[in-house]
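J.: next input, structure requested:
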Amino acid sequence: MGGVLIGLLAAAGCFAVIALMAISIYNNLVSRRNEYKNSFAKVDVQLKRRYDLIPNLVESVKGAMAHERQTLDAVIQARNTAFAVSQKAADNPGDPDAMKKVGEAEAVLRGSMGRMFALAEAYPDLKANQNMLQLQGELGETENRIAMARQDFNDKVTLYNTSRETFPAIAFAGMMGFTTASLFEIDNPEERQNVRVKF
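T.: So this is what the prediction gives:
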């Protein structure tokens, strides 16, 4: 009888240790997931700031670059697409499909803005336009903020993924619904550069 009681107590003790370990792992993963979600919210704020600057920038150059209507329309279209994709990603940051779409949309936006700035260099009036210079400065500052916020997001995602993939968390993470999160990356190496805003 005493052996059975000791066996039951040992089993209950093992169960309690496993339950406490699972609770601790769960709480840690929730904390790490919330950290990267909060970090993406910071990225989203900076992206929205840029998305709000782009129409003003296009409006500023529209008069001087009247013959470049197709390029300006491409910038606005890319901005609208990137904005819509980032809003969807904000609902579930770290989702591999959502983050891939954000990276692709951002690459297209950066490319179209780069073409616009390259064309704008041929218009001397734009180089002296005070409104244009102010928007240029704000956009440059925003690009730096986006880069910093994106790096912070990627750091938090890496920390979450590392916590999820280490033992003993890896034994429980999948059962608890914690999937691997994706980084915010831009696939094309040329597009990894900030948008050049100098006139």
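
J.: hey, which helix or strand in the chain has the poorest pLDDT?
T.: helix 124-128 (a mean of 74; mean pLDDT, DSSP states H and E).

J.: may I have that helix exported as CSV, CA atoms only?
T.: Presented in CSV, the C-alpha positions along helix 124-128 are these (Å, rounded to 0.1, in the frame of the first residue of the first chain):
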residue,chain,number,x,y,z
PRO,A,124,15.7,72.6,-61.4
ASP,A,125,12.5,74.3,-60.0
LEU,A,126,12.0,71.4,-57.7
LYS,A,127,15.5,71.7,-56.2
ALA,A,128,14.6,75.2,-54.9
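
J.: helices or strands next to whichever helix in the chain runs longest in the packing?
T.: The longest helix of the chain (DSSP state H) is helix 2-62. Counting contacts by 3 or more C-beta pairs under 8 Å, 6 or more residues apart in numbering; DSSP states H and E, helix 2-62 is packed against helix 69-91, helix 96-120, helix 130-165, helix 169-173. C-betas here are computed from N, CA, C, even on glycine.

J.: can I get those helices in CSV with mean pLDDT and mean neighbour count?
T.: Shown next, in CSV, are those (pLDDT from 0 to 100; neighbours: other C-beta atoms under 10 Å):
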stretch, mean pLDDT, mean neighbour count
helix 69-91, 93, 17
helix 96-120, 91, 19
helix 130-165, 92, 17
helix 169-173, 89, 17
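
J.: can you put the ones you listed in JSON lines and add distance to residue 3?
T.: Below are the helices and strands packed on helix 2-62 laid out as JSON lines (distance: least, C-beta to C-beta, whole Å):
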{"stretch": "helix 69-91", "distance to residue 3": "56"}
{"stretch": "helix 96-120", "distance to residue 3": "52"}
{"stretch": "helix 130-165", "distance to residue 3": "40"}
{"stretch": "helix 169-173", "distance to residue 3": "30"}
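
J.: of all those helices, which lies closest to residue 4?
T.: helix 169-173 (29.2 Å; C-beta to C-beta).

J.: identify the residues contacting the closest one?
T.: 22, 25-26, 28-29, 163-165 (C-beta atoms under 8 Å, 6 or more residues apart in numbering).

J.: many thanks, have a good one.
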